[in-house]
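K.L.:
When you get a sec, could you give me coordinates for this:
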Amino acid sequence: MPSARGTLDWSPAASHPELVAPSVADALAAADGNGDSGIAAAEVAPIDATLADTEVFCAAYDVALEASANCVIVAGKRAGETTYAAVMILATDRADINGVVRKHLGVRKISFAPHDDAVSLTGMEFGGITPIGLPAGWPILVDAAVVGAGAVVIGSGVRGSKLLVDGAALAQLPTAEVLDLALPHP
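P.N.:
Just a heads-up that it's a prediction; the model follows:
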């Protein structure tokens, strides 16, 4: 039966900075130093980078799709200003980017951030972007279902590993806000 842990060999992420993006390693170390038991308790597991995409990853490592959360970077525009934000949603759901997210950010137009912008601005690999270690001040919008999911697998900033965290810990990130982001299932 698939679970969040799957068949991966998990270990404390703070002990393996070589398995995550530099900004993620810095954020994990800061959380550990601040006594933030949620994010500091994150675990990491190496994976085959060619299997990093969610559905392929879940099938390959026997991880439940409902225990996997995706981080997408959006770019909203209003009056010539661009606002970037991270959106955390369960892999089984789709986020209401054009409705809830756009209105919450107070922007007129919104879209997924261009690939090159997402990579260069976050310092993370596309397909491994995570809310941990994003640029300071970026809003992190976490779907309520992610917070209530218990242990979830998320990106590590690189395609060659994944993080395992309690979904509720993501709500404790400095700029995180919990919202009902998921579109209704058809």
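
K.L.:
which stretches of this protein form helices?
P.N.:
Remark: helices assigned in the chain by DSSP state H are 22-33, 37-40, 54-61, 102-105, 115-122, 144-147, 167-170.

K.L.:
Would you mind finding the most buried of those?
P.N.:
Stretch with highest mean neighbour count among those: helix 167-170 (a mean of 22; mean count of other C-beta atoms under 10 Å). Any C-beta I mention is one placed from the backbone N, CA and C, and that applies to glycine too.

K.L.:
what sits up against that one?
P.N.:
36, 38-39, 41-42, 69, 88, 131, 140, 142, 146-152, 154, 176 (C-beta atoms under 8 Å, 6 or more residues apart in numbering).

K.L.:
what separates that helix from the chain centre, distance-wise?
P.N.:
Taking C-alpha atoms, centre = their mean, to the nearest Å, one finds helix 167-170 lying 10 Å from the centre of the chain it belongs to.

K.L.:
do stretch 49-56 as well
P.N.:
Mean C-alpha position of stretch 49-56 versus that of the full chain (C-alpha atoms, centre = their mean) differs by 15 Å.

K.L.:
Put the alpha carbons of it into CSV.
P.N.:
C-alpha atoms of stretch 49-56 as CSV (Å, rounded to 0.1, in the frame of the first residue of the first chain):
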residue,chain,number,x,y,z
ALA,A,49,16.6,12.7,-11.1
THR,A,50,14.9,11.3,-14.2
LEU,A,51,12.1,10.1,-11.9
ALA,A,52,11.5,13.5,-10.2
ASP,A,53,8.2,14.4,-11.9
THR,A,54,5.3,13.7,-9.5
GLU,A,55,3.4,10.8,-11.1
VAL,A,56,6.5,9.0,-12.3
